[in-house]
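1. With the sequence up front, the predicted model follows.
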Amino acid sequence: MDKNKKILMVDDDRNFLESVKTVLTKKGFEVVTAKDGDEGMRKALSEQLDLVILDVMMPGQDGWDLCDSLRSKDELRNIPIIYFTCVEAPKSLYQSHGAFETDWDEYLTKPVTPKKLLETVEKLLEKDSS
């Protein structure tokens, strides 16, 4: 797989953001970061992205809203999205927030191992390129 893929990581936790960025850049991915949903949307519109990773709970525009915004733009709607959450919850809870399986491609709980993160990212990028 071509590792020169560009990933947008959106999270208000600077330490977590930097940890994920380090794991991904060590594997050859280019990582663009944003600290909130508004900045994430600006960067999504200005960058050629292959994948978006976003935190569900952020101040201001949260992950749910950002995902909706991304999916509403023709040029962004097919980019794979990974949700990050610190709460492992049943799918029914997410659906009660209006989020359905089609809104995101995968979700991971914090903390996540580097191995699980990379497996998920690579799986989505391979699926997207086929």
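-> It's in.

2. going forward, measure contacts between C-alpha atoms and count neighbours the same way
-> Noted.

3. Check which helices and strands the longest helix along the chain sits against.
-> For the chain, the longest helix by residue count, based on DSSP state H, is helix 114-129. In terms of contacts (3 or more C-alpha pairs under 8 Å, 6 or more residues apart in numbering; DSSP states H and E), helix 114-129 is packed against helix 14-26.

4. Show residues contacting the helix it packs on.
-> 9-11, 30-31, 33, 35, 114, 118 (C-alpha atoms under 8 Å, 6 or more residues apart in numbering).

5. How many neighbouring residues does Pro25 have?
-> No Pro there; residue 25 is Thr. Residues near Thr25, counting by other C-alpha atoms under 10 Å, number 15.

6. distance of it from Asp62?
-> 25 Å (C-alpha to C-alpha, to the nearest Å).

7. a helix runs through Val112, doesn't it?
-> No: judged by DSSP: H, G, I helix; E, B strand; the rest coil, Val112 forms no part of a helix; its state is coil.

8. name the element the spatially most central residue of the chain belongs to?
-> Most central in the chain under C-alpha atoms, centre = their mean is Ile53, positioned 1.2 Å from the mean C-alpha point. Counting by DSSP states H and E, the element that carries Ile53 is strand 51-55.

9. same deal with Trp104?
-> Here Trp104 is assigned to no helix or strand, by DSSP H and E.

10. quick one, what contacts it?
-> Residues in contact with Trp104 (C-alpha under 8 Å, 6+ apart) are 67, 80-83.

11. Return the distance of the nearest residue to Lys110 once chain neighbours are set aside relative to Ser69.
-> Nearest non-adjacent residue to Lys110, counting by C-alpha to C-alpha, 6 or more residues apart in numbering: Cys86, 4.6 Å away. Cys86 sits 22 Å away from Ser69 when distances are taken as C-alpha to C-alpha.

12. now do Lys123
-> With C-alpha to C-alpha as the criterion, Lys123 and Ser69 are 24 Å apart.

13. One more: Ala34?
-> Distance from Ala34 to Ser69, by C-alpha to C-alpha: 15 Å.

14. okay, those two: which has more neighbours?
-> It is Ala34, of Ala34 and Ser69, that has more neighbours when counted by other C-alpha under 10 Å, with 20 against 15.
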